[in-house]
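Asker: Could you look at this predicted model? Sequence included:
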There are 4 protein chains.
Amino acid sequence: MGIHERKIREKEERRRQIMEAAKLVFSAKGFNRATMEEIAGEAELSPGTLYLYFKNKEELHTSLSIDILKYLTRQIRDYVDERNMSPEAKIYALRDAFINVYEYDAMVLINLFHLQAGETLKNLSGEVLQQIKEASGDALGAITSIVQEGIDQGVFVDKHPVALADIIWATYSGVVLWVDSKRLLNNEKDFVKQTLETAFDLIVAGLRNL
Amino acid sequence: MGIHERKIREKEERRRQIMEAAKLVFSAKGFNRATMEEIAGEAELSPGTLYLYFKNKEELHTSLSIDILKYLTRQIRDYVDERNMSPEAKIYALRDAFINVYEYDAMVLINLFHLQAGETLKNLSGEVLQQIKEASGDALGAITSIVQEGIDQGVFVDKHPVALADIIWATYSGVVLWVDSKRLLNNEKDFVKQTLETAFDLIVAGLRNL
Amino acid sequence: MGIHERKIREKEERRRQIMEAAKLVFSAKGFNRATMEEIAGEAELSPGTLYLYFKNKEELHTSLSIDILKYLTRQIRDYVDERNMSPEAKIYALRDAFINVYEYDAMVLINLFHLQAGETLKNLSGEVLQQIKEASGDALGAITSIVQEGIDQGVFVDKHPVALADIIWATYSGVVLWVDSKRLLNNEKDFVKQTLETAFDLIVAGLRNL
Amino acid sequence: MGIHERKIREKEERRRQIMEAAKLVFSAKGFNRATMEEIAGEAELSPGTLYLYFKNKEELHTSLSIDILKYLTRQIRDYVDERNMSPEAKIYALRDAFINVYEYDAMVLINLFHLQAGETLKNLSGEVLQQIKEASGDALGAITSIVQEGIDQGVFVDKHPVALADIIWATYSGVVLWVDSKRLLNNEKDFVKQTLETAFDLIVAGLRNL
DNA sequence: AATGAATGAGTTTTCATTCAT
DNA sequence: AATGAATGAAAACTCATTCAT
């Protein structure tokens, strides 16, 4: 491995280190109350260094979301590309992908939906907005494909597949956020998994039997 | 009408006037970028006056949410209390209540879900938190009653009614937020109504046929 | 008693009522943290009414001080005008006047010395400044007379009587403020009386024996 | 000198620079009318920078007082520790320490007594209150030692030494404040030194001859 | 590459005072 | 005379970002 590769690798590591710190701080404080100084402290770096790796606070925040979106898309694609599955089984596989991603990094996923739901979106710079748009377009596209397949095979109700994908996505984000908020409001335990399972039973029954 | 009643009425009117202005500004800018000065300007009042009616910015913001939650609860209760309806029809009525409320004041509803989803919740004072908790407890309770009735009559799938109510609520908020975010991201038009209709078809089919 | 006299009497009563409330609030909060609204509340009047009796907050505060200064001056003069006392006895009588005034209304006296010591003095309007100047000039004058008499009779050390009066006054205010501050800092009990007694023993011994 | 020492030294210098500016502004305007912006301007720094060195306005103000209290305590201790002096001479030395400190920095000393006398004390945070308490405890303790020594040697009147120290301190602060206030009220010149000299003649005579 | 001290724009909130009723 | 709603100026403090070292 040449010196050049090592440099690149080190740089990537440093990026990770910052994102890891940012994840913790954003999760604990939310976007606005999180300070770059605290993130820097958490990453054991100085504030100035953060700006060598991320253009600004917003971009740092968004990178977390883009990351998880890409991870989610990869997971979904894996299932979609597997040929020998019924559309119905694929929806359940989608559900498992959702649950996996949630369990892989709940904090970042919640961050993503906060971003999607919140005022932050309004204030995003065009460039970053574009990135988010693409990444979420990919994820939605993957879901749409599954639904489309089911419709094509006559197994699913014949509605506009994009609308159905929207509903699936909305249910996913809605459940994650709502359970998180109930956790905060009532100190309830985390029951995202169970809720998603029931939700998908409903969805599948609906898709099939409508 | 005595002088006392008129005073009270005027005071109430002034409160409304401020909330109306706040609604516009919070919707346009989000909580953080909205300034009390701008709200005051919109209400054609001085900044100081706002503080005669609301303890602080947070409380002003939250009263909007509590208001819409109460309005929503009233709407739902109206349907629940009507006896001659099948549970299934009640779910559709619930859907219509949701759509009504959305169409009555989309901006405030989105605000509510932003609040519920967002970091704001973390920073709310105990007292206000309690109010929100109660108001959303009421709404959820109303939904749970409907579901319970359906289960009791053997029409709906026999799952924990609170979990089902959670899913309905999560779908509602998820759809509203997601469509809003697609509108922002892709300049798409508002299709909350259609999406909710399809979503409830799925939900009802699910509740019935599971 | 005519209607006119009653009106005047009522007016005077209302002034008292306000000053009584102001005393409590200024003592509890200090000049800056005390609000006109709180004083009004304490007096069971509306804020606007205060301005019918006092030009502004400052004047209301200062009236308290002028009042106690006048009361103090009257007390001192009573002793000075009594002929059959040795200068030494008069100094002790002065001490008793000081103690009396302190016990009569410690809060207002402390207020006076705060005013005298504090930044408030810098910001007083010319007119009010003049009033304070006169009132404290009167009190100091009375003290000076006593000292002068002692010097004239050859009983007291022959120093500039104004300087000696200053020292007596400074000791009085210093003791009152310092004991008050020790009370606040260390939750000690009020020992102004004892301290003043010892202080005057020292002063008298000094005036005589120097 | 290493780079680390230089940094520390620079930091200390910056602190001084801010305190110097604060001293000027607080003296001219008093605590409340002084603004952080003006202090920053005087120090040729930006407002934000002040907050890197002092938690808030109050702490900046109090550090001035704590500084002068420590300086005063050091001065007094110097005299107390000198063995070959009569208690009486020590009291005169104390007087000179008082005068020295006054002449060294009258403005800050007046500020200290304002703080001690004023409403500020009521609003101090616990931590700062503690610091002030300790610093003034030290100063009072040093004075008490001197008095104690005189009592032990039978030269001074046998009264409670703490009470005597209180009187000395009260006289000091009373004289400084009263002369300052006469200066403000009557445009008189500064005669703290003379007044303190006379005051201490009285005190010493009193301590000895009572 | 990393630092971290300095910046300074931006916002909430308070409260003495006024004035229409 | 009394009210009390409305005013609006004023100031502390925060924090993303820069840049000299």
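Answerer: Nice, I can see it.
Asker: alpha carbons only for contacts and neighbour counts from here, please
Answerer: OK.
Asker: Now A:L140. Nearest residue, chain neighbours left out?
Answerer: Excluding its sequence neighbours, the residue lying closest to A:L140 (C-alpha to C-alpha, 6 or more residues apart in numbering or on different chains) is A:A165, at 6.7 Å.
Asker: Can you give me the neighbour number for that neighbour?
Answerer: Using other C-alpha atoms under 10 Å in any protein chain shown, A:A165 is surrounded by 21 other residues.
Asker: Report whether the host helix or strand of A:K23 contacts DNA strand F.
Answerer: Taking DSSP states H and E as the definition, A:K23 sits inside helix A:3-33. Yes: judged by C-alpha under 7 Å from any atom of the strand, helix A:3-33 comes into contact with DNA strand F at A:N32, A:R33.
Asker: Quick check: what element follows that helix along the chain?
Answerer: Counting by DSSP H and E, what follows helix A:3-33 is helix A:36-42.
Asker: which helices and strands does the helix holding A:K23 pack with?
Answerer: On a contact count with 3 or more C-alpha pairs under 8 Å, 6 or more residues apart in numbering or on different chains; DSSP states H and E, helix A:3-33 meets helix A:36-42, helix A:57-81, helix A:106-117.
Asker: now for those, which one comes closest to chain B?
Answerer: Across the helices and strands packed on helix A:3-33, chain B has its closest neighbour in helix A:106-117 (5.6 Å, C-alpha to the nearest C-alpha).
Asker: Please save the CA atoms from that closest one in CSV.
Answerer: Output of helix A:106-117 as CSV, limited to C-alpha atoms (Å, rounded to 0.1, in the frame of the first residue of the first chain):
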residue,chain,number,x,y,z
ALA,A,106,-31.7,3.9,15.3
MET,A,107,-30.2,7.2,16.2
VAL,A,108,-29.1,8.1,12.7
LEU,A,109,-32.4,6.8,11.2
ILE,A,110,-34.4,9.0,13.6
ASN,A,111,-32.1,11.9,12.6
LEU,A,112,-32.9,11.2,9.0
PHE,A,113,-36.6,11.4,9.6
HIS,A,114,-36.2,14.5,11.8
LEU,A,115,-34.4,16.1,8.9
GLN,A,116,-37.1,15.0,6.5
ALA,A,117,-39.8,16.2,8.8
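Asker: what about that helix, average pLDDT?
Answerer: Average pLDDT, helix A:106-117: 87.
Asker: Which positions in chain A make contact with DNA strand F?
Answerer: By the rule C-alpha under 7 Å from any atom of the strand, the part of chain A lying against DNA strand F is A:32-37, A:47-49, A:51, A:56-58.
Asker: Report the buried members of those residues.
Answerer: Buried members of these, counted by 16 or more other C-alpha atoms under 10 Å in any protein chain shown: A:A34, A:T35, A:M36, A:P47, A:K57, A:E58.
Asker: So which of the residues of chain A next to DNA strand F reach DNA strand E?
Answerer: For DNA strand E, the contacts drawn from these by C-alpha under 7 Å from any atom of the strand are A:P47, A:G48, A:T49.
Asker: which SSE is A:N84 in?
Answerer: Here A:N84 is assigned to no helix or strand, by DSSP H and E.
Asker: if I look at it, how far off is A:K90?
Answerer: For A:N84, the distance to A:K90 equals 10 Å [C-alpha to C-alpha, to the nearest Å].
Asker: Neighbour count: the two, which is higher?
Answerer: The neighbour count for A:N84 versus A:K90, taken as other C-alpha under 10 Å, is higher for A:K90 (22 against 10).
Asker: before we move on, back to that, which residues are in contact with the residue nearest to A:L140?
Answerer: By C-alpha atoms under 8 Å, 6 or more residues apart in numbering or on different chains, A:A165 lies in contact with A:L140, A:I143, A:T144, A:V147.
Asker: Tell me which residue of chain A lies closest to chain D.
Answerer: For chain A, C-alpha to the nearest C-alpha, closest residue to chain D: A:E37, 13.0 Å.
Asker: per-residue confidence at that residue?
Answerer: pLDDT for A:E37: 95.
Asker: quick one: contacts for it?
Answerer: The contact partners of A:E37, taken as C-alpha under 8 Å, 6+ apart, are A:S46, A:P47.
Asker: Apply 6 Å and report the result again.
Answerer: A:P47 (C-alpha atoms under 6 Å, 6 or more residues apart in numbering or on different chains).
Asker: Could you break chain A into its assigned domains?
Answerer: Per automatic domain parsing, the structural domains of chain A span A:1-54, A:61-209.
Asker: which of those sits most buried?
Answerer: Comparing the domains of chain A by mean neighbour count (mean count of other C-alpha atoms under 10 Å in any protein chain shown), domain A:61-209 comes out on top with a mean of 19.
Asker: quick one: that one to chain centroid distance?
Answerer: From the chain centre to the centre of domain A:61-209 is a distance of 8 Å (C-alpha atoms, centre = their mean, to the nearest Å).
Asker: Kindly report the same for stretch A:24-42.
Answerer: The answer for stretch A:24-42 is 19 Å, by C-alpha atoms, centre = their mean.
Asker: what about it, how long is it end to end?
Answerer: One end of stretch A:24-42 to the other measures 8 Å (C-alpha to C-alpha).
Asker: can you check stretch A:146-158 too?
Answerer: Using C-alpha to C-alpha, the span of stretch A:146-158 from its first residue to its last is 13 Å.
Asker: How about that stretch and chain B, touching?
Answerer: No: applying C-alpha under 6 Å from any C-alpha of the partner chain, one finds stretch A:146-158 separated from chain B by no less than 9.6 Å.
Asker: Mind listing residues that contact that stretch?
Answerer: With C-alpha under 6 Å, 6+ apart, stretch A:146-158 has contacts from A:P87, A:P161, A:L207, A:R208.
Asker: Now intersect these with the helices, please.
Answerer: Among the contacts of stretch A:146-158, the members falling in helices (DSSP state H) are A:P87, A:P161, A:L207, A:R208.
Asker: any idea how far the closest residue to the first one other than its chain neighbours lies from B:F200?
Answerer: This means A:P87. Excluding the flanking residues, the one nearest A:P87 by C-alpha to C-alpha, 6+ apart is A:G150, at 4.9 Å. Distance of A:G150 to B:F200, computed by C-alpha to C-alpha: 19 Å.
Asker: now, which of the ones in helices among the contacts of stretch A:146-158 sits nearest chain B?
Answerer: Ranked by distance to chain B (C-alpha to the nearest C-alpha), these are led by A:L207 at 6.4 Å.
Asker: Please list all residues in contact with the closest one.
Answerer: A:L207 makes contact with A:F156, A:V157, according to C-alpha under 6 Å, 6+ apart.
Asker: can we see that at 8 Å?
Answerer: Contacts of A:L207 (C-alpha under 8 Å, 6+ apart): A:F156, A:V157, B:L202.
Asker: what do you get for A:M36?
Answerer: A:P47, A:L50, A:K57.
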